[in-house]
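S.K.: here's a sequence, model it:
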Amino acid sequence: MQNIQNIQNVNKITTNNPYTPSAPSLQNTGFKDLLEQEIKFSKHANMRLNDREINLSGEQLQRLENGIDSARQKGIRDSLVLVDNVALVVNVNSKTVITALEKEQQNIFTNIDGAVIV
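M.R.: As a prediction, the model looks like this:
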């Protein structure tokens, strides 16, 4: 029962997130598989993207996902991922973007243990 509620909560997050592709069908997808499929954006990250008028294209989202996968392979837990002129701090294990900004806005990043340029 808990997994069904968790899937419903994830579905709400992914369908309300303008930077997440439409939620996959939940009929043949396990909860763990669902969590591993998509990049999630925290409420804070969504606010920053909207406030800073940062729009990520589908191609940029794919590169972000590739960067997260590369970071995971290297054992990075929290990474700075640079996609063109956008800097995103990502929790690699949960595939969750924590915050986002344009590279020119700040040049100091804390609480990361790796960086990926894609």
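
S.K.: quick one: the helices in this protein, in order.
M.R.: 2-16, 31-37, 43-51, 58-73 (DSSP state H).

S.K.: report the buried residues of the last one.
M.R.: Same thing as helix 58-73. Judged by neighbour count (16 or more other CB atoms under 10 Å), helix 58-73 contains these buried residues: 60-61, 63-65, 67-68, 70-71. For glycine as for every other residue, the C-beta is placed from the backbone atoms N, C-alpha and C.

S.K.: the third one too?
M.R.: Taking 16+ other CB under 10 Å as the basis for neighbour counts, the residues of helix 43-51 that come out buried are 45-46, 48-49.

S.K.: convert stretch 84-97 to CSV, retaining C-alpha atoms only.
M.R.: The C-alpha coordinates for stretch 84-97 follow below in CSV (Å, rounded to 0.1, in the frame of the first residue of the first chain):
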residue,chain,number,x,y,z
ASP,A,84,25.9,25.0,-21.8
ASN,A,85,25.4,28.2,-19.7
VAL,A,86,23.4,26.5,-16.9
ALA,A,87,24.9,25.2,-13.7
LEU,A,88,22.8,22.6,-11.8
VAL,A,89,23.6,21.1,-8.4
VAL,A,90,22.3,17.5,-8.5
ASN,A,91,21.9,14.8,-5.9
VAL,A,92,23.1,11.9,-8.1
ASN,A,93,21.5,9.0,-6.2
SER,A,94,18.0,10.4,-6.4
LYS,A,95,18.5,12.1,-9.8
THR,A,96,17.2,15.3,-8.2
VAL,A,97,18.2,18.8,-9.3
